[in-house]
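In: predicted model follows, preceded by the sequence.
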Amino acid sequence: MTLTRRTALRTAAAAAALPLVHIRSAGAAGKLTLGLWDHWVPAGNGAMKKIIDAWAEKNKVEVGIDFITSVGNKNLLTIAAEAQSKTGHDVEAFPAWEILNNQQNLEPVDDVVEGLIKQYGAVNPVNEYLSKVGGHWMAVPSSSGTQYKPSCARISVFKNAGADVQAWFPARAEHSALADQWTWDKLLELAPQAQKAGLPFALGLGQTTDSVDFVGALFRSFGAQMVNEKGEVSVKSDTVRQALEYMAKLTKFLPPDVFSYDDASNNRALISGKAGMIFNPPSAWAVAKRDNPSVAADCWTFPTPAGPKGRFVPYLPYFWGIWSFSKNKSAAKDLLTHLAQREQVEALSTAVSGYDIPPFLAMADLKVWEQVEPPLGTVFNYPIRPFHNATPSIAALPAPPDIAVQIYNRATMTTMVAKMTQGGQSMEQVLAWAQDELEGFMR
Amino acid sequence: MSAATATLPTRIRPQAGRFTRIWRRRSTAAVLMCLPLILLLLLLVVYPAAYAIYLAMLNKRMTAFVGMGNFVFLLKRATFHLVIFQSCLFAVSAVIAKASIGFTLAHLMHVIPPNRQRLLRGLLLIPWVVPLALSTLGWWWLFDPSYSAFNWILDGIGVPQVAWLGNTGWARFSMILVNTWYGSPFFMIMYLAALKSVPHELFEAAAIDGASAWQKLRFVTLPMMRNIISITVLFSLIVTFADFTIVRILTAGGPQDTTHIFATYAFEVGIQSGDIPLGAAVSLFMLPILAVASFFILRGVMRRNREMAAG
């Protein structure tokens, strides 16, 4: 065949059109931009990207992902900026309270969540409290970044004090009668011995989430409510007094610096071998596994202690929300439905050594929690299992969420404890301060 | 051609149009040349400030106008009274400390021969040059109650450990210390420049008149530096009042809210607790305080300028 000017032009035109055809098919179902949480565990982002890329390829959607860190509250700033400017990503990862803060800018996702509930059964009740507004689901509960903050104890420290945590909560799917021994009173009994052994319990009383979550769970297990479900201030109650009195006793056996703890302080205390116990997800154990293996091999994770009103384990979830200004809501809903399937949840949780907690209670049996070590079974009891007789909780429950968010973020409960124990104020002074502060949250 | 035009009688020169006349005015050219800067200021200063004022007058959900409601609400809160007190304590103490240290360092530097000054000047400027977030993280490690290097030293000499960031008094002290460390080089360099501009003859004349070192400082140096001291104090007061980084990194407002200043409290209320209008109102409380300070300081500067011009 001879090459004429006409055939050369025809070939060039066809070649130029090829990429156009490709682009059209690659993004045939439109574009989607995602602002997802930058996972603490480095493998988390890669696993998430792999799943999303496969979905995008299959569904011909052009997807862009930004992993946004929560360090320095950059994710909160991004959310606030996008809510104000009404532009940005289509889908955003929202930390616990941000659904309520941004409800008027979010697309309801009842169809997605109700479908998932039909598929997998009940969702963790804290998710409903945080993301169901006026009877509508405003976001899809996510596994990525969602965590419990149970006890993470040094086996040897407890054993030396006469308590066998592996017997209390063995790595088997069964209730041990010994588990009932793990109460706040028991913790108070063990705390002086741990302190004497030079490995005090590193329980924060600062103003960041780990501290707030721990004190929030303790308050709930005493039945202490700052504000009741009707939105009435109920801080001047006997149960709040009991919780504060308990904390006044416990604080004497905690490290003196707990009032200035941030979310990394308790981790550091455990990892460096200076603490007998912390309340935390397995991230501290995972870092110890890398940096101080002998400490990691001596760690056991199990639920928080029980109080007079039950056992409450701090739960801090993440959500995926679709902005109301998103231009591709149908694709966003499809993707979120896909990400919430058991297969994807398991892949994500496995990639981060079990750090991520699935929002659906039926998924508390993922294999990853049985497999990770050392010691084998160390995080078996990290997710709440039915036989734990425990309730997931977030500090300030059952206050209406728009009040609870302020109690939580202003660290009202830990500040009360600090004012009484460190500041030397009387119980009545502390309660009067809290009453005034809580009334201010009602505006 | 231009030479020919120049020699034409005025009456036969072509009349310039109104637009051309406006165009040729120096003021028009000045406005045009400043226009990019004016637009930039409008965009980056006026608009955000106006938007912050607008936000501060909305309700929590930003659905209704509440006028001064947020400001009145804040003034009734005991925690906010604490924030006002702490902001003033932090800014005033840190500025006094920075000015005093900067003034002393500038004088010490001034007596060193110029060729030996360079290295010292460079070293002393390091705190001001290092990004504040990084250096504050360094300080945070030094203060960290569990692993504090300071406490390690105290341990070594048998002195009880200090809860640098866990005790109200020490936490406030630590914040002021870090701000002073960071800001003193700025004062030093400004005062050193001012010192160098004081005519040497004045000191010679004072020496001939038998003035002591203190008298030279009191009657020559200070009067010559009053304007630069006022301007640097004002500038530093504004920057210190608006500080966020140091408090956020060191204490995040704790313990017991006793180290919150306007910016950190505004962030906690506005961004973390989802009440952006109230957060905006908190941050705007800086405005009247700084406006009053600016008024008095700048009035003093202008009065002295007039006196110097008249003299």
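Out: Nice, I can see it.

In: could you name the helices and strands sitting against the lengthiest helix in chain B?
Out: Longest helix in chain B by number of residues (criterion: DSSP state H): helix B:78-110. Counting contacts by 3 or more CB pairs under 8 Å, 6 or more residues apart in numbering or on different chains; DSSP states H and E, helix B:78-110 packs against helix A:427-440, helix B:114-129, helix B:168-197, helix B:222-241, helix B:262-267, helix B:286-310. C-beta coordinates here come from the backbone N, C-alpha and C atoms, glycine included.

In: and of the ones you listed, who's closest to residue B:30?
Out: Nearest to residue B:30 among those is helix B:286-310 (22.9 Å), distances taken as CB to CB.

In: can you give the domain ranges for chain B?
Out: What automatic domain parsing lists as the domains of chain B is B:2-56, B:69-310.

In: quick check: which of the helices and strands packed on helix B:78-110 is buried the most?
Out: helix B:262-267 (a mean of 24; mean count of other CB atoms under 10 Å in any protein chain shown).

In: rounded mean pLDDT for it, please.
Out: The average pLDDT for helix B:262-267 rounds to 95.

In: packing partners of that helix?
Out: So helix B:262-267, by 3+ CB pairs under 8 Å, 6+ apart, packs with helix B:78-110, helix B:245-250, helix B:276-284.

In: which residues of the chain score low on pLDDT?
Out: Assuming you mean chain A. A:1-28 (pLDDT under 70).

In: I was thinking of chain B, sorry if that wasn't clear
Out: B:1-16, B:145, B:311.

In: wouldn't residue B:55 be in contact with residue B:70 here?
Out: No. Using CB atoms under 8 Å, residue B:55 makes no contact with residue B:70, being 9.2 Å away.

In: return every residue with contacts to both of these two.
Out: B:277, B:280 (CB atoms under 8 Å, 6 or more residues apart in numbering or on different chains).

In: if you count surrounding residues, which of those two has more?
Out: residue B:70 (24 against 20; other CB atoms under 10 Å in any protein chain shown).

In: that one and residue B:61: what is the separation?
Out: Going from residue B:70 to residue B:61 by CB to CB, to the nearest Å gives 13 Å.

In: would you mind listing what in the stretch 151-300 of chain B touches chain A?
Out: Neighbours of chain A within the stretch 151-300 of chain B, by CB under 8 Å from any CB of the partner chain: B:161, B:163-168, B:171, B:251-257, B:267-276.

In: pretty sure residue A:219 belongs to a strand, no?
Out: No. Counting by DSSP: H, G, I helix; E, B strand; the rest coil, residue A:219 is located in no strand; its state is helix.

In: not counting its neighbours along the chain, what's nearest it?
Out: residue A:243 (5.0 Å; CB to CB, 6 or more residues apart in numbering or on different chains).

In: if I pick that neighbour, what's in contact with it?
Out: A:218-219, A:222, A:224.

In: which SS state does it fall under?
Out: helix.

In: quick one: the strands in the stretch 201-350 of chain A?
Out: A:277-279, A:299-302, A:306-307, A:310-322 (DSSP state E, counting those that start in this stretch).

In: the shortest one - contacts with which helices or strands?
Out: In this structure, strand A:306-307 makes packing contacts with helix A:209-221, judged by 3+ CB pairs under 8 Å, 6+ apart.

In: now the helix it packs on against strand A:310-322, angle please.
Out: 130 degrees (axes from the mean of the first three to the mean of the last three CA atoms, to 10 degrees).

In: I'd like to know how many residues surround the closest residue to chain B within the stretch 201-350 of chain A.
Out: Taking CB to the nearest CB, chain B has its nearest neighbour within the stretch 201-350 of chain A at residue A:257, 3.0 Å off. Using other CB under 10 Å, residue A:257 has 25 neighbouring residues.

In: what sits against it?
Out: A:265, B:145-146, B:163, B:165-166.

In: one step back: just put the domains of chain B in a markdown table and tack on distance to residue A:301.
Out: Listed next are the domains of chain B as a markdown table, based on distance: least, CB to CB, whole Å:
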| stretch | distance to residue A:301 |
| --- | --- |
| domain B:2-56 | 44 |
| domain B:69-310 | 22 |
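
In: nearest approach to residue A:54 belongs to which of those domains?
Out: Judging the domains of chain B by CB to CB, what sits closest to residue A:54 is domain B:69-310, at 35.0 Å.

In: got the strands of the stretch 201-350 of chain A as CSV, with distance to residue A:193 columns?
Out: Converted to CSV, the strands of the stretch 201-350 of chain A look like this (distance: least, CB to CB, whole Å):
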stretch, distance to residue A:193
strand A:277-279, 12
strand A:299-302, 17
strand A:306-307, 20
strand A:310-322, 22
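
In: take these and write them to TSV, including mean neighbour count.
Out: Converted to TSV, the strands of the stretch 201-350 of chain A look like this (neighbours: other CB atoms under 10 Å in any protein chain shown):
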stretch	mean neighbour count
strand A:277-279	27
strand A:299-302	25
strand A:306-307	22
strand A:310-322	25
